[in-house]
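Q: Quick check, what structure comes out for this input:
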Amino acid sequence: MGSSQGGLSERIASFLIHDEITTFKDLRQMIEVVNDNGMNRRTAVFQDLLFLMEHSSNPHKYPRKELLHYRFGIIEGVGGQELGDTNVVRDYDRSLAPILIKEEVEDEPIREIVANLLELDLLLVPVSQIRPSDDCVTLRLQVQDIVTEEEKMKRDLELINSIDLSKYSPEKIAEANRPSPEKRAQEEEEEAMAMAENA
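A: Purely as a prediction, here's the structure:
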């Protein structure tokens, strides 16, 4: 019987950002690629992100080739609790959606887009979770409503169309209710025994 060990996981990665000169495009490069002995490789963070993007729900029906893209977003924590000098644990107002960083401004320094990155948390948002109609992050309840309404009808229609109605024809029903030869022989034998006893 196993037991779960407590504690924290190791940090996957950390990135040194000079917010006055580092751009979101630079940050995207840091997240996706690392130079390992002269070879460019995907980082562990990006591999995990690719897996997440590939397996996330797609409520807005994005084409498959677009599902492996992400956008930067920011969200502000509420009710923070300080742990030591540098670590801050924050909770979030779950009813608020993150604010997306427009792709057009990714060439500008982070400082010009986000005044103080230390007061906010930076998110990587899979494109599949962004509503194309207004370019906002879909909240969980909205995703459930969309999926429930559209997907349920689709699944119901597929289920109805998959039913083999030919087995419900009068001939098939009569055949299904007709006893097997062994059963018929047993019933005839029981009838004969009952008649013999009554005679």
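Q: only C-alpha atoms for contact and neighbour calcs from this point on.
A: Will do.
Q: Nearest spatial neighbour of the residue nearest the centre of the chain, chain-adjacent residues omitted?
A: Central residue of the chain (CA atoms, centre = their mean): Ser56, 2.9 Å from the mean position. With CA to CA, 6 or more residues apart in numbering as the criterion, Ser56 has its nearest non-adjacent residue at 7.4 Å, and that residue is Ser128.
Q: So what's the residue count around the one you found?
A: Neighbour count for Ser128, taken as other CA atoms under 10 Å: 25.
Q: Can you show me the CA trace of stretch 52-67 as PDB?
A: Taking Å, rounded to 0.1, in the frame of the first residue of the first chain, the C-alpha atoms of stretch 52-67 are listed here in PDB:
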ATOM      1  CA  LEU A  52      -2.300  20.900 -22.100                       C
ATOM      2  CA  MET A  53      -3.200  22.800 -25.300                       C
ATOM      3  CA  GLU A  54      -3.600  19.600 -27.300                       C
ATOM      4  CA  HIS A  55      -5.900  18.000 -24.700                       C
ATOM      5  CA  SER A  56      -8.000  21.000 -23.600                       C
ATOM      6  CA  SER A  57     -11.600  21.300 -24.500                       C
ATOM      7  CA  ASN A  58     -12.300  23.200 -27.700                       C
ATOM      8  CA  PRO A  59     -15.600  24.900 -27.000                       C
ATOM      9  CA  HIS A  60     -15.300  27.400 -29.800                       C
ATOM     10  CA  LYS A  61     -14.400  24.800 -32.500                       C
ATOM     11  CA  TYR A  62     -11.000  26.200 -33.400                       C
ATOM     12  CA  PRO A  63      -9.300  24.300 -36.300                       C
ATOM     13  CA  ARG A  64      -6.800  21.700 -35.100                       C
ATOM     14  CA  LYS A  65      -3.800  23.600 -36.400                       C
ATOM     15  CA  GLU A  66      -4.700  26.700 -34.200                       C
ATOM     16  CA  LEU A  67      -5.000  24.700 -31.000                       C
END
